[in-house]
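Undergrad: The sequence and its predicted three-dimensional model are supplied below.
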Amino acid sequence: MGAGTGSTPSGTDQVNFSWKSSDSVSGTMNASLSDGTIYSGQFFQVTRDTTVDNLSPLWAGWGRGPWGYGWNDWGAGPSFITHYTGRVVANLSAPSGAHMRCNFQLVSPDAGMAGGGAGQCQMPDGKTIDATFPKA
């Protein structure tokens, strides 16, 4: 179990993250926004053993649209699966059905989320959240 913090680049919107590992490469994550909205879902650390089937929950809610551009780490394909060792990806959803997607770089990939990391999340409106996770 662990926690992290985040905010929009301007610092106006604060986010508190909490996570719990299911195993060394996956678990659940919550993101609580300052307006009270809570996004919840799964996270996965992409490893050389990861298959597209393991990541299928990440694609929910992210069909074609303007939010897809500029997110080079987002989409199923061989380079995505094999290239990002040390990356954590997450797809979190709110009760309204809105989705927040995240990708983080781990400090110590062998330690998983417990080793700490940092990255970014994208809100449905395109706003980004810069997130950090200290060593647990």
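TA: Done, it's in.
Undergrad: Quick check: mean pLDDT of stretch 100-120?
TA: When pLDDT is averaged over stretch 100-120, the result is 92.
Undergrad: One more: stretch 60-72?
TA: The average pLDDT for stretch 60-72 rounds to 59.
Undergrad: What of stretch 33-50?
TA: Across stretch 33-50, pLDDT averages out at 89.
Undergrad: Let the chain start at 15 from now.
TA: Will do, 15 is the new start, and the previous item becomes stretch 47-64.
Undergrad: in that stretch, what's buried?
TA: Residues of stretch 47-64 classed as buried: 47, 53, 54, 55, 56, 57, 58, 59, 60, 61, 64 (neighbour count, 16 or more other CB atoms under 10 Å). Yep, even glycine has a C-beta here, placed from its N, CA and C like the rest.
Undergrad: For those, which two are the farthest from each other?
TA: By the measure CB to CB, 47 and 61 form the most distant pair in those, at 29.9 Å.
Undergrad: on that earlier part again, of the buried residues of stretch 47-64, closest to residue 36?
TA: residue 56 (8.5 Å).
Undergrad: How about that closest one: what's its closest non-neighbour residue?
TA: residue 71 (5.3 Å; CB to CB, 6 or more residues apart in numbering).
Undergrad: contacting residues around that neighbour?
TA: Residues near residue 71 by CB atoms under 8 Å, 6 or more residues apart in numbering: 55, 56, 105.
Undergrad: and it, which of the three is it?
TA: Classification of residue 71 using DSSP: H, G, I helix; E, B strand; the rest coil returns helix.
Undergrad: Please report how far it lies from residue 41.
TA: To residue 41, residue 71 is 12 Å away according to CB to CB, to the nearest Å.
Undergrad: between the two, what contacts are shared?
TA: Common neighbours of residue 71 and residue 41 (CB under 8 Å, 6+ apart) are residue 56.
Undergrad: What residues of stretch 104-120 count as buried?
TA: In stretch 104-120, counting by 16+ other CB under 10 Å, buried: 104, 105, 106, 107, 108, 113, 114, 115, 116, 117, 118, 120.
Undergrad: which residues does the second one bridge with?
TA: With DSSP bridges applied, residue 105 shows beta-bridge pairing to residue 56, residue 115.
Undergrad: Nice, that's everything, thank you.
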